[in-house]
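>>> A predicted structure for the sequence below; I have some questions about it.
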Amino acid sequence: MDPMTQPASTLDDMIAAITKTFAVAHETDSDEALAQALVYNAGRLAWRMREQGVESEQKTSVSDVVTAADRAAEDFIAGVLEILRPNDGLLGEEGASRESTSGRTWVVDPVDGTYNFTSGSDYWCSALALVEGDPSHPQALLFGAVHRPAMGYTWFGGPGIATTRDGVGVDKLTDQPAAAVSLSTYLHPTFLAQDAVRAAWVRVATQFATLRMFGAGSVDLASVADGSLGAWMQHSVADWDWLPGKALVEGAGGVGVKVEAGGVTWCVAGNALAVEQATDALTRMSA
């Protein structure tokens, strides 16, 4: 029987079995190796579940959804970390949470881009980051890992770790003006009606060569890190949507910053010059 088609109780048992098997196979892994294996396997698990058919539930809106695949992938990651890193904290998008006694916390997004995932798009991923301190204001961002199943890509890196894609180092980001690169971004339709937020977004977006709006922040940021996209900007970003990709961008020689403008907090990442131009535009507006 295929475990992905079983009732919830049976699926829970199967995820527990998969978790234990994985933990035994990876008990001697370094944090870096474990992170990459976790996102790879979580992404593949979600992919297999989608192939069998999953139903979505709305969280806050028709475009903010969750599926059994999100929960199963997060349960898998949380279960492995409970076995292999019991002193580390955990913060997951779907509710997995554990206080840290080591000072470190794993920040997890089991399926980033769930609306895309449920719509049949391949633009989604599994992502995580490891931080020291409070994830909302970390003392240190150690690394991020992102796996995009459709492409088979796994990105890994951090401020002190050169970013790689499938184990091969990406080219270092060099200064390029906003006018010469693309901006990957997202603005929910409801915010288009809010003058202050819209004005802040337009002030930055109009500086770039072109815009791309795909709906999975960690894939966007990983693509900024490997040069496929130029820069990234979005407001009110959750830690699990920001930290994995920010780590990758910084590991590629770029920067990631937060700026207040239009009554919200914007996250901006990319090469240093483009980010400086974007943040200057936001700062001038809010001054």
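Alright, I've got the coordinates. Numbers count the residues shown, from 1 in each chain.

>>> the domain parsing of the chain - what is it?
According to the TED database, the chain comprises the domains 11-169, 178-283.

>>> phi, psi for C267 please.
Here the main-chain torsion angles of C267 (degrees, to the nearest 10) amount to phi -100, psi 130.

>>> so where's the protein shaky on pLDDT?
Counting by pLDDT under 70, the chain shows low-confidence ranges at 1-9, 54-66, 285-287.

>>> what are the ranges of the helices in it?
Applying DSSP state H to the chain gives helices spanning 8-25, 31-52, 68-84, 114-119, 189-192, 195-205, 217-225, 239-251, 272-286.

>>> just list the residues touching C267, thanks.
Taking Cβ atoms under 8 Å, 6 or more residues apart in numbering, we find C267 in contact with W232, M233, Q234, H235, V237, W242, K246, G256, V257, K258. C-beta: built from backbone N, CA, C; applies to glycine.

>>> neighbours of the fifth one, how many?
The reference is to V237. 21 (other Cβ atoms under 10 Å).

>>> CA-only coordinates of stretch 34-45 in CSV, if you can.
Extracted in CSV, the C-alpha atoms of stretch 34-45 (Å, rounded to 0.1, in the frame of the first residue of the first chain):
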residue,chain,number,x,y,z
LEU,A,34,21.8,17.2,7.9
ALA,A,35,20.1,20.5,6.8
GLN,A,36,20.5,19.6,3.1
ALA,A,37,19.3,16.0,3.6
LEU,A,38,16.3,17.3,5.5
VAL,A,39,15.1,19.8,2.9
TYR,A,40,15.7,17.3,0.1
ASN,A,41,13.7,14.6,1.8
ALA,A,42,10.9,16.9,3.0
GLY,A,43,10.5,18.3,-0.5
ARG,A,44,10.4,14.8,-2.0
LEU,A,45,7.9,13.7,0.6
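
>>> mind listing what's buried along it?
L34, A35, Q36, A37, L38, V39, Y40, N41, A42, G43, L45 (16 or more other Cβ atoms under 10 Å).

>>> distance check, the nearest residue to G254 once chain neighbours are set aside against I77.
Spatial nearest neighbour of G254, excluding adjacent residues (Cβ to Cβ, 6 or more residues apart in numbering): L173 at 4.2 Å. Between L173 and I77 the distance is 29 Å, computed by Cβ to Cβ, to the nearest Å.

>>> can you point out the buried residues in stretch 184-197?
Per 16+ other Cβ under 10 Å, stretch 184-197 contains these buried residues: S184, T185, Y186, L187, F191, Q194, V197.

>>> before we move on, what about stretch 106-115?
Neighbour-count burial for stretch 106-115 [16+ other Cβ under 10 Å]: W106, V107, V108, D109, P110, V111, D112, G113, T114, Y115.

>>> would you reformat the residues you listed as JSON lines and include distance to L84?
Shown next, in JSON lines, are the buried residues of stretch 106-115 (distance: Cβ to Cβ, whole Å):
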{"residue": "W106", "distance to L84": "11"}
{"residue": "V107", "distance to L84": "17"}
{"residue": "V108", "distance to L84": "14"}
{"residue": "D109", "distance to L84": "19"}
{"residue": "P110", "distance to L84": "17"}
{"residue": "V111", "distance to L84": "22"}
{"residue": "D112", "distance to L84": "23"}
{"residue": "G113", "distance to L84": "27"}
{"residue": "T114", "distance to L84": "26"}
{"residue": "Y115", "distance to L84": "32"}
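
>>> tell me the contacts of the nearest residue to V264 once chain neighbours are set aside?
Using Cβ to Cβ, 6+ apart and skipping residues adjacent in sequence, the residue nearest V264 is H235, 4.2 Å away. By Cβ under 8 Å, 6+ apart, the contact list for H235 reads L187, F191, V197, A200, W201, G262, V264, T265, W266, C267.
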